[in-house]
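In: sequence first, predicted model second:
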Number of protein chains: 2
Amino acid sequence: MPGSPIRKLAALAEGRKKSGIHVYHLNIGQPDLPTAPKVLDVIHSYAEKTIAYAPSNGLPRPLTAWKRYLDHCGIHFDEHELIITTGGSEAIIFAICAVCDTDSEVIVFEPTYANYIGFAGIAHVKVRAIPTSIENGFHLPPEAEIERFITDRTRAILFCNPANPTGTIYSKEELQRLVNLAQKHGLFLLSDDAYREFAYDAHVVSIEDFPEVRDRTILLDSCSKRFNVCGVRIGLLASHNQDVIATVLKFGQARLSVATIEQLAMVPLLEDPETYTKPLVEEFRKRRDAVCEGLKSIPGVTYYKPEGAFYITIGLPVKDSEHFSKWLIEEYEDHQETILLAPAQGFYATRGKGMNEVRLAFMLKIDDLKRSLVILKNALEVYRDKFMK
Amino acid sequence: MPGSPIRKLAALAEGRKKSGIHVYHLNIGQPDLPTAPKVLDVIHSYAEKTIAYAPSNGLPRPLTAWKRYLDHCGIHFDEHELIITTGGSEAIIFAICAVCDTDSEVIVFEPTYANYIGFAGIAHVKVRAIPTSIENGFHLPPEAEIERFITDRTRAILFCNPANPTGTIYSKEELQRLVNLAQKHGLFLLSDDAYREFAYDAHVVSIEDFPEVRDRTILLDSCSKRFNVCGVRIGLLASHNQDVIATVLKFGQARLSVATIEQLAMVPLLEDPETYTKPLVEEFRKRRDAVCEGLKSIPGVTYYKPEGAFYITIGLPVKDSEHFSKWLIEEYEDHQETILLAPAQGFYATRGKGMNEVRLAFMLKIDDLKRSLVILKNALEVYRDKFMK
């Protein structure tokens, strides 16, 4: 069971701050913007006398709101095909447990959301990671290349679209490769749509747009990012496959219910997502552009322009980005400032991969992002002279 | 993966209510009393602008409050030995995953909390259920009898004290049996203390009172019952074993965090548990007494006096309590009223056990409990004439 690479260096950063150094956090996907007042209004005005269990699949009003939100996105489910979960995390764990036995394998694309590997560990399921590369913006390999990784133990392909940690948006043609393989080999497609609205240069095609795999798809969702409510822990699992829903509901019954007030607090934004999310996405588009612009001026950095989400995974002219990141946070300073990066090794299931890569999250105001990239540029020069001569 | 027996008949009950029949719910552990206003005050006055992720182990103030609460109970942990969880449910899943591999076995005592079987299913771990019987109030078997169930795959003994679904409180001498076996066979003791304060006729001895297994115990806890906040989903895992805590923290990092506002909402009651919990427990003591008094007058019922919690598992003069319970909720009425029971089969891992048993939860006011038992008595007579002649 691996530890979280994102949170790994955070403790060091806290120590450094105490010594008077300002740390720019480029490491974590916690938006810096305020949560919608509508959400807080629901919480502040909760009027029931007892905070009682919710039904295991979710409270009726939030379920209706989720259905309407998905309809609004052009994704159509009946309410009995939806199960509200404790964050997207629980949705992913439940999906893996529902379609896998202990000796099963799940395919992911690396770099991958690190916690997919952790969730597979909880379910005692093996992850098979298919490499993608920075040179083509971490897009999917050809169908035949993906097929090479499918064994008689493979049960599912788990992917995030737009992707974390790369910001890549898979095209309809790319998704068609997964759909073809799912049909051919009887696999489930687990689609993590947490970043659905964060699309800048490409339209996000939903896995629900492929009716031929209607019974083989499980949609995994989360309010955390699009509604900027990481601390409420509300997600969703949706599937047209009634066996999947019945199994997931049993897991849901075992853990009884999801926090009552948090479910209710999501209703206003699920019923009117765009008013809050559209300006949020526009802000992240500007930040994405500023980061790509800033990266241009740093010698030796390899990067691409991410089409969505709010991350970019870049290559650095260093041998070990974890050593570099640790040095940045423990020793380096530029006018009493430094940056906190997420070394990309943790986003790879394959040992030794991504050694020179880091993930940047666009969680700072544009001026701070620009300043962070200047610090990165200066630090790389000092580091090269110090460690790489 | 079994479905929840408690929630199984609930859908039928909803249908029956629509036809004008009043249903007394004796089936579920959702207290009917109001949540403490202090809890709602915290929620109503949450003042942060962004509902952000909490640290994976828990927010600092709630962690300190949990430590103080446990100190108050005579149970001493350092804060770094505590991990706040999404309900007691998550604490139990994490504990099982931390000490087991896929081929491991966990011992429980049946009738057992049904969801232990569900959690073991999620973790792909096998449950070995040791029978206890209504005749001796579901107390533990002798040490040698328990030892017969230990194999080289056994990793842990998971128990609830006071117990759900029986209300049994294990004596110090009974716990000593488990402690001896844990030492002899290198097992972990997973102690679910959700009902700690619900003790009427016996002192609850904590597994933490046995220093000889200090590194082999994992304490599992929940705010749901004692603070009557089932819908907040806040629990705790505590262990002096740093390997266990390190592993559980990795699981915690994978699911990122526990709901921020709910963690904070527990602080006032963790800091002052008795003001709220003492009167609550006294109310349940009266209910327990009323139920035992009412059961006296029902012919053919076997029961004992539960020492704690707010459940009793009783034997009925029927062959199949699930059939009886279903008949009660679908067909029977007594002056347009009926009762909803939890058939006990679901609390047994061993197929065919507990066929004539049901669990009653004391979630109604005393007059309603008394009336429910009159309905039970009358219904048993009708049922006997209808099905058992």
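Out: Looks like it came in fine.

In: every contact and neighbour count from this point should use C-alpha atoms.
Out: Will do.

In: now do the helices in chain A.
Out: For chain A, helices defined by DSSP state H occupy the ranges A:5-8, A:10-18, A:37-44, A:60-72, A:87-99, A:114-122, A:143-147, A:172-185, A:242-254, A:260-265, A:267-271, A:273-296, A:321-330, A:366-387.

In: tell me how many other residues crowd A:K225.
Out: 20 (other C-alpha atoms under 10 Å in any protein chain shown).

In: tell me how far it lies from A:T35.
Out: To A:T35, A:K225 is 10 Å away according to C-alpha to C-alpha, to the nearest Å.

In: then A:E90?
Out: For A:E90, the distance to A:T35 - C-alpha to C-alpha - is 22 Å.

In: which residues does the residue nearest to A:H124 when sequence neighbours are not counted contact?
Out: Nearest residue to A:H124 in three dimensions, chain neighbours excluded: A:T102, at 5.5 Å (C-alpha to C-alpha, 6 or more residues apart in numbering or on different chains). Going by C-alpha atoms under 8 Å, 6 or more residues apart in numbering or on different chains, A:T102 touches A:123-125, B:102, B:124.

In: let me know the closest of those residues to A:A259.
Out: A:A123 (23.0 Å; C-alpha to C-alpha).

In: rewinding a little: return the most buried member of the helices of chain A.
Out: helix A:87-99 (a mean of 25; mean count of other C-alpha atoms under 10 Å in any protein chain shown).

In: other SSEs contacting that helix?
Out: helix A:114-122, strand A:188-192, strand A:217-222, strand A:234-238, helix A:242-254 (3 or more C-alpha pairs under 8 Å, 6 or more residues apart in numbering or on different chains; DSSP states H and E).

In: got the CA coordinates for that helix in PDB?
Out: Extracted C-alpha coordinates of helix A:87-99, given in PDB (Å, rounded to 0.1, in the frame of the first residue of the first chain):
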ATOM      1  CA  GLY A  87     -16.500  11.500  -2.100                       C
ATOM      2  CA  GLY A  88     -15.500  10.200  -5.500                       C
ATOM      3  CA  SER A  89     -13.100   8.000  -3.500                       C
ATOM      4  CA  GLU A  90     -15.800   5.700  -2.100                       C
ATOM      5  CA  ALA A  91     -17.400   5.500  -5.600                       C
ATOM      6  CA  ILE A  92     -14.100   4.300  -7.000                       C
ATOM      7  CA  ILE A  93     -13.500   1.700  -4.200                       C
ATOM      8  CA  PHE A  94     -17.100   0.400  -4.600                       C
ATOM      9  CA  ALA A  95     -16.800   0.100  -8.400                       C
ATOM     10  CA  ILE A  96     -13.500  -1.800  -8.100                       C
ATOM     11  CA  CYS A  97     -15.000  -4.100  -5.400                       C
ATOM     12  CA  ALA A  98     -18.200  -4.600  -7.400                       C
ATOM     13  CA  VAL A  99     -16.500  -5.900 -10.600                       C
END
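
In: that helix to strand A:217-222, inter-axis angle?
Out: Interaxial angle, helix A:87-99 versus strand A:217-222 (axes from the mean of the first three to the mean of the last three C-alpha atoms, to 10 degrees): 160 degrees.

In: distance between helix A:87-99 and the chain's centre?
Out: Distance of helix A:87-99 from the chain centroid (C-alpha atoms, centre = their mean, to the nearest Å) equals 14 Å.

In: outside of that helix, which residues touch it?
Out: In contact with helix A:87-99 (C-alpha under 8 Å, 6+ apart) are residues A:85, A:116, A:119-120, A:122-123, A:155-156, A:188, A:190, A:192, A:194, A:218, A:220-224, A:232-237, A:244, A:247-248, A:251, B:122, B:254-256.

In: ok so, going back, and the helices of chain A as CSV, adding mean pLDDT?
Out: Formatted as CSV, those follow (pLDDT from 0 to 100):
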stretch, mean pLDDT
helix A:5-8, 64
helix A:10-18, 89
helix A:37-44, 96
helix A:60-72, 98
helix A:87-99, 96
helix A:114-122, 89
helix A:143-147, 98
helix A:172-185, 98
helix A:242-254, 94
helix A:260-265, 98
helix A:267-271, 98
helix A:273-296, 96
helix A:321-330, 95
helix A:366-387, 97
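
In: distance to A:I339 added to these, as JSON lines?
Out: Shown next, in JSON lines, are these (distance: least, C-alpha to C-alpha, whole Å):
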{"stretch": "helix A:5-8", "distance to A:I339": "13"}
{"stretch": "helix A:10-18", "distance to A:I339": "9"}
{"stretch": "helix A:37-44", "distance to A:I339": "31"}
{"stretch": "helix A:60-72", "distance to A:I339": "37"}
{"stretch": "helix A:87-99", "distance to A:I339": "28"}
{"stretch": "helix A:114-122", "distance to A:I339": "21"}
{"stretch": "helix A:143-147", "distance to A:I339": "36"}
{"stretch": "helix A:172-185", "distance to A:I339": "35"}
{"stretch": "helix A:242-254", "distance to A:I339": "40"}
{"stretch": "helix A:260-265", "distance to A:I339": "33"}
{"stretch": "helix A:267-271", "distance to A:I339": "33"}
{"stretch": "helix A:273-296", "distance to A:I339": "14"}
{"stretch": "helix A:321-330", "distance to A:I339": "7"}
{"stretch": "helix A:366-387", "distance to A:I339": "6"}
